[in-house]
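Chemist: with the input below, show me the fold.
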Amino acid sequence: MSILTLNNIGHSYGDFDVFSGINATIPNDGKVGLVGPNGIGKTTLLRILIGGEESTAGKVITSRETRIGYLQQQALDAFSDQQHGVHEEMLTVFAEVRGQEAEIAMLQEQMATEYSEALMTKYSAASEAFEMGGGYDYEVRIATVLDGLGFARDDWHTPIHHLSGGQKTRALLARLLLEEPDLLILDEPTNHLDVDAIQWLEGALRTWDGALLIVSHDRYFLDKVVTHIWEMSRLGIEEYRGNYSAYTVQRHERWERRSAEFEAIREKFFKELDYVKRNIARDSTTNMAKGRLKRLIREVRVVEQGGLQALQSKTWSKVMDEIEISGAKWNVADVESAIKSLNNPIVRPPELKMNLDSKVRSGETVLRTTEMDIGYEDKTLFMTEPITLQRQEVAALIGPNGTGKTTFLRTLMSTIEPRSGKMTPGHNLRIGYFAQAHDGLNHENTVLDELIEHKHMLLGPARNHLARYLFRGDDVYKPIHMLSGGERGRLALAILALEGANFLLLDEPTNHLDIPAQEVLQSVLEAFDGTILMVSHDRYLIDKLATQIWSLDHGVMHVYEGTYARYLNRDTKEVSPVVQKKVERKNENRGQQQDERKQRNEERKRARKIEELEANIVKLEEKLVQVSDDLQVASDAQDLNEITRLGELYAQVQSEVEGAMEAWTAAAAA
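Modeler: Take a look at the predicted model:
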């Protein structure tokens, strides 16, 4: 059953169609990744789905009482009370459960001084509702989510208005995960998370009971979480089964199949045209040739006007009836010209046409170091293990933000000296550096001026080179300070391609690039005949390229030979004893926290059991008093049968009281 259906959704600004003809459904447990080039309207579509923006065409249909949660890229105004602390904001999710908790506490106070059957019934019902609503574990759930998303315990009580934009977005994500909506829509959920938090989120979303719709440039994340991919273009959405890697294979196969179908149709057109040419002037076949020419004109017009939709259609006659035959008076030459000018209607996203060629071959050993102390005069950032990097290897430097990875790259470029240790660069080494912040760009220059400043070129070749990086027409005259992050990244790549480097130092090269651009960059780096060291959080790129992993952990950079998959599956014996001890201590602390939570839960359950036992004892003692009074009445009346029955009942209740007292004593002593 579908939780959400998109029926011919379109959106326009004046005469400009952002997108149109979007038809898709999300099943109740569907996990969908939405991909497409930057600017295609993905965020706009998400806002339409949540009712934050009106579509100009079509309709969004949701199942009754569907709860939708939405994580926007920036959550600056997502909280109604900015004075709340992070933990206090999470508690608002459980307002109903906490109300039940307060009611139970109030009932317990009442039962301590006055007891009645009605009060006991009300208490039991409240306790059952509290337990069913997760009352005994909501604090544990809050702690699990906040810990998982990287909130230090010291930050739990920080007021929302004191948080950074990224922290607010993480807080909103935490609240959404605790709210458990039927459909969770996430727009770039990994933007403000470190690797540990992303891995935790992947695990949480893999076991998510509801439906998911995720927009993300993190291909590795999509691989781990989603089971369907929606590829968005101006003409609609194409659906693919499987994760991101499965989508790339299926997409290529679909493109190839449709291209073959298109070429087969063109071939059919030419055969029909050949028949018409040979028979149009013959008395015996003229009428048949004219009829086939008329049909051929219709079919050509279908492909001209219908494009991809027409090609996908299996019912030619139905489509042809909807196409205006403006070429009905074409002659044979017109038809032939039209067939030759038909373009393949397969829609592929615009691609970078970049290439990276090293002008000079480096020596076989590109870099060799001893143990090094990386940092500044008065501060050590981290120590490194000895490094040996050979030609055509790809090393990936990974680790938390703020640990000094960019400083390490500058050390390799001799901009900063290591505090200790020795570094020996290889023979004929030409280094090309891609800075994460693109701080080498002059923001007052235009795109064209910046390129020519780095390498003198005539205007024609310079513009042709920039066009390969999607700077076309007047785009080359844009001032750099007006460019988006993705555009600055493309310009930096365009400049890097002109340097002829044989050792690339890449600092977050895929930041701000959309997925099509990431795919092109990946293919270019795969074909590069030099050596690469990249600092990156793009685990998909690392997984595809890396031959060494340099991992920063607890102030030490460890060197692991092999792929990223091998690094993830490494034996803990590979970790140094010092680091292993720290990891064990961290795990021990985590285990201690879990034990403490378990102990608190057990204490709550024990307290509840004691309270129930006490209430039962009170009830039994009152019954014993009542039976004793009834027995006295029967004795006064000398009713032997009633005396016998009440005597047996008294003994039974007395036994129950003793049993309840023993149970209470055992529970209290536990």
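Chemist: what sits against residue 52?
Modeler: residue 70 (CB atoms under 8 Å, 6 or more residues apart in numbering). The way it works is simple: take the backbone N, C-alpha and C, and place the C-beta from them, glycine included.
Chemist: that one in helix, strand or coil?
Modeler: coil (DSSP: H, G, I helix; E, B strand; the rest coil).
Chemist: next one: residue 12
Modeler: strand.
Chemist: need phi/psi at the residue nearest to it when sequence neighbours are not counted.
Modeler: Distance criterion CB to CB, 6 or more residues apart in numbering; nearest residue to residue 12, sequence neighbours excluded, is residue 56 at 4.7 Å. Residue 56 adopts backbone torsions of phi -90, psi -10, taken as degrees, to the nearest 10.
Chemist: which strands or helices does the helix or strand hosting residue 7 pack on?
Modeler: Using DSSP states H and E, the element containing residue 7 is strand 2-13. Judged by 3 or more CB pairs under 8 Å, 6 or more residues apart in numbering; DSSP states H and E, the packing partners of strand 2-13 are strand 16-27, helix 42-49, strand 57-62, strand 211-215.
Chemist: got the end-to-end distance for stretch 397-415?
Modeler: Start-to-end span of stretch 397-415 (CA to CA, to the nearest Å) is 18 Å.
Chemist: to clarify, my last question referred to stretch 341-356.
Modeler: With CA to CA, one end of stretch 341-356 sits 34 Å from the other.
Chemist: for it, what is the average pLDDT?
Modeler: Regarding stretch 341-356, the rounded mean pLDDT is 65.
Chemist: could you list the paired strands of the strand holding residue 7 along with their orientation?
Modeler: Note on strand 2-13: by DSSP bridges, its sheet partners are strand 16-27 (antiparallel), strand 57-62 (antiparallel).
Chemist: which residues sit against the helix or strand following the shortest one?
Modeler: The one in question is strand 57-62. Next helix or strand after strand 57-62 toward the C-terminus (DSSP H and E): strand 68-71. Under the contact criterion CB under 8 Å, 6+ apart, strand 68-71 has outside partners 46, 49-50, 52, 62, 169, 172-173, 176, 179, 181-187, 189.
Chemist: before we move on, back to that, got the buried residues for the strand holding residue 7?
Modeler: 3, 4, 6, 9, 10, 11 (16 or more other CB atoms under 10 Å).
Chemist: now do it against helix 42-49, angle only.
Modeler: Here the directions of strand 2-13 and helix 42-49 differ by 120 degrees (axes from the mean of the first three to the mean of the last three CA atoms, to 10 degrees).
Chemist: show the average pLDDT along strand 2-13.
Modeler: pLDDT averaged over strand 2-13 gives 89.
Chemist: cool, stretch 418-432 as well?
Modeler: For stretch 418-432, the per-residue pLDDT averages 90.
Chemist: you'd agree residue 234 is up against residue 16?
Modeler: No. Between residue 234 and residue 16 there is no contact under CB atoms under 8 Å: 10.3 Å.
Chemist: comparing these two, which shows the higher neighbour count?
Modeler: The neighbour count for residue 234 versus residue 16, taken as other CB atoms under 10 Å, is higher for residue 234 (14 against 7).
Chemist: and the strands in the stretch 451-600 of the chain?
Modeler: 503-507, 531-535, 548-553, 556-561 (DSSP state E, counting those that start in this stretch).
Chemist: turn those into JSON lines, columns for distance to residue 542.
Modeler: Listed next are the strands of the stretch 451-600 of the chain as JSON lines, based on distance: least, CB to CB, whole Å:
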{"stretch": "strand 503-507", "distance to residue 542": "11"}
{"stretch": "strand 531-535", "distance to residue 542": "8"}
{"stretch": "strand 548-553", "distance to residue 542": "8"}
{"stretch": "strand 556-561", "distance to residue 542": "12"}
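Chemist: can you tell which of the ones you listed is closest to residue 656?
Modeler: Of all those, it is strand 548-553 that lies closest to residue 656, at 61.2 Å by CB to CB.
Chemist: what does that closest one rub up against?
Modeler: Contact with strand 548-553 is made by 382, 384, 387, 389, 393-400, 403-405, 542, 557-564, 567, 579, as judged by CB under 8 Å, 6+ apart.
Chemist: are any of these buried, and which?
Modeler: 382, 384, 387, 389, 393-399, 403-405, 542, 557-560, 563-564, 567, 579.
Chemist: next step: those restricted to helices.
Modeler: Members of the buried ones among the contacts of strand 548-553 lying in helices (criterion: DSSP state H): 405, 542, 564, 567, 579.
Chemist: which of those has the weakest pLDDT?
Modeler: Lowest confidence among these: residue 579, with 43.
Chemist: pretty sure residue 394 sits against residue 536.
Modeler: No. At 10.6 Å, residue 394 does not count as touching residue 536 under the criterion of CB under 8 Å.
Chemist: okay, now the domains of the chain?
Modeler: Using automatic domain parsing, the domains assigned to the chain come out as 1-67+182-242, 79-180, 252-341, 365-572, 603-669.
Chemist: so for the strand or helix carrying residue 297, mean pLDDT?
Modeler: Under the criterion of DSSP H and E, residue 297 resides in helix 286-312. For helix 286-312, mean pLDDT is 71.
Chemist: next one: stretch 385-399
Modeler: For stretch 385-399, the per-residue pLDDT averages 93.
Chemist: what do you get for stretch 99-119?
Modeler: Per-residue scores along stretch 99-119 average to 82.
Chemist: next one: residue 138 from residue 209, what distance?
Modeler: Separation of residue 138 from residue 209 (CB to CB, to the nearest Å) stands at 17 Å.
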